[in-house]
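Chemist: need coordinates for the following:
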Amino acid sequence: MSSSDMNMSSRIIFYEDRNFQGRSYECSSDCADMSSYMSRCHSCRVERGCFMVYDRTNYMGNQYFMRRGEYADYMSMFGWSDCIRSCRMIPMHRGSYRMRIYERENFGGQMYEMMDDCDNIMDRYRMSNCMSCHVMDGHWLMYEQPHYRGRMMYMRPGEYRSFSNMGMGHMRFMSMRRIMDSFYH
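Modeler: Have a look, this model is predicted:
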C-alpha cells in the first residue's frame with residue numbers, strides 16, 4: 001500500500017456522548033470547525049491512520065495525538081475541560097526525519113539538528129529552552145516536559161519562528177518524538 005493510499009483511508013469517528021453514544025460524525029481529512037456537524041464531542045474511535053485533535057476551532061488550543069484505537073471518554077483521559085472542536089489528519093511519512101531546534105524565537109541562540117527522538121533536550125544538548133524550529137523532513141510531536149509528557153504540539157514540515165505566537169502561550173518544549181509509520185498499525 002502506498003503512502004497516499006494509506007492517507008486516503010484514514011478515518012476517525014466522533015460521537016457526541018461518552019462511550020460512543022449519540023450522533024456521530026465521520027472524518028477522513030482535516031476539519032477546522034466541527035460545530036457545524038455536532039454541538040459537542042465526548043468520545044471517538046480512530047479506525048485507521050493518525051490524527052491530532054484540538055479543543056478549539058482552527059487547530060488551536062490544547063492538542064492530543066490519536067492513533068488507531070477507541071477513546072470512550074477522552075476528556076477525563078486527557079484532563080480537558082472542553083471537547084474536541086477541530087482535527088487534523090496526519091499523513092504517513094516514509095523517509096528521513098530532520099528538524100532544527102533553536103533556543104530562542106526567530107531561529108536565535110543555540111541550534112541543534114535532530115534526526116531522531118529526544119526525550120530531554122536539557123540532558124542531550126544542555127539546552128534549557130526551545131522557542132522556534134524548522135522541520136525539514138517528517139512529522140513530529142513536541143512536548144512541554146521531558147520524556148514525552150505534558151502538553152504537546154504537532155509539527156509538520158515548515159518554519160516555526162515563535163511558539164508563543166501559535167496559540168500555546170509561553171510553552172517550552174523539552175522533548176520531541178517522530179511520528180513513525182509504525183504508529184499507523
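
Chemist: the spatially most central residue of the chain pairs with what?
Modeler: The C-alpha lying nearest the average C-alpha coordinate of the chain belongs to Tyr154 (Cα atoms, centre = their mean; 3.3 Å). Applying DSSP bridges to Tyr154 gives these bridge partners: Leu141.

Chemist: could you measure from it over to Gln21?
Modeler: From Tyr154 over to Gln21 the distance is 28 Å, taken as Cβ to Cβ, to the nearest Å. (Glycine included, C-beta is placed from N, CA and C.)

Chemist: where does this structure dip in pLDDT?
Modeler: 1-8, 75-82, 167-170 (pLDDT under 70).

Chemist: what ranges does it have for its helices?
Modeler: 3-8, 74-78, 121-125 (DSSP state H).

Chemist: could you chop this protein up by domain?
Modeler: The chain breaks down by the TED database into domains covering 11-90, 98-183.

Chemist: what distance separates the start and the end of the longest one?
Modeler: Right, domain 98-183. End-to-end distance for domain 98-183: 18 Å, by Cα to Cα, to the nearest Å.

Chemist: mind checking how far it is from the chain centre?
Modeler: From the chain centre to the centre of domain 98-183 is a distance of 12 Å (Cα atoms, centre = their mean, to the nearest Å).

Chemist: Arg161 reaches Gly108, doesn't it?
Modeler: No: with contact defined as Cβ atoms under 8 Å, Arg161 does not count as touching Gly108 (9.7 Å).

Chemist: between these two, which is the more surrounded one?
Modeler: Neighbour count, other Cβ atoms under 10 Å: between Arg161 and Gly108, Arg161 has more, with 15 against 12.

Chemist: what's near enough to touch the residue lying farthest from the centre of the chain?
Modeler: No residue in the chain sits farther from the centre than Gly22, which is 26.2 Å out by Cα atoms, centre = their mean. Shown in contact with Gly22 (Cβ atoms under 8 Å, 6 or more residues apart in numbering): 15-16.

Chemist: roughly how far does it sit from Met38?
Modeler: In this view, Gly22 and Met38 are 8 Å apart by Cβ to Cβ.

Chemist: residues that sit against both of these two, list them.
Modeler: Here Gly22 and Met38 have Glu16 as joint contacts, going by Cβ under 8 Å, 6+ apart.

Chemist: any idea where the strands of the chain begin and end?
Modeler: Assigned by DSSP state E, the strands in the chain fall at 11-17, 21-27, 43-48, 50-56, 60-66, 69-71, 86-90, 98-104, 108-114, 132-137, 140-145, 149-155, 158-160, 175-178.

Chemist: out of those, which is closest to Met122?
Modeler: Among the strands of the chain, the nearest to Met122 by Cβ to Cβ is strand 175-178 (9.5 Å).

Chemist: tell me the helices and strands packed up against the closest one.
Modeler: strand 140-145 (3 or more Cβ pairs under 8 Å, 6 or more residues apart in numbering; DSSP states H and E).

Chemist: before I go, just wanted to say thanks for your time.
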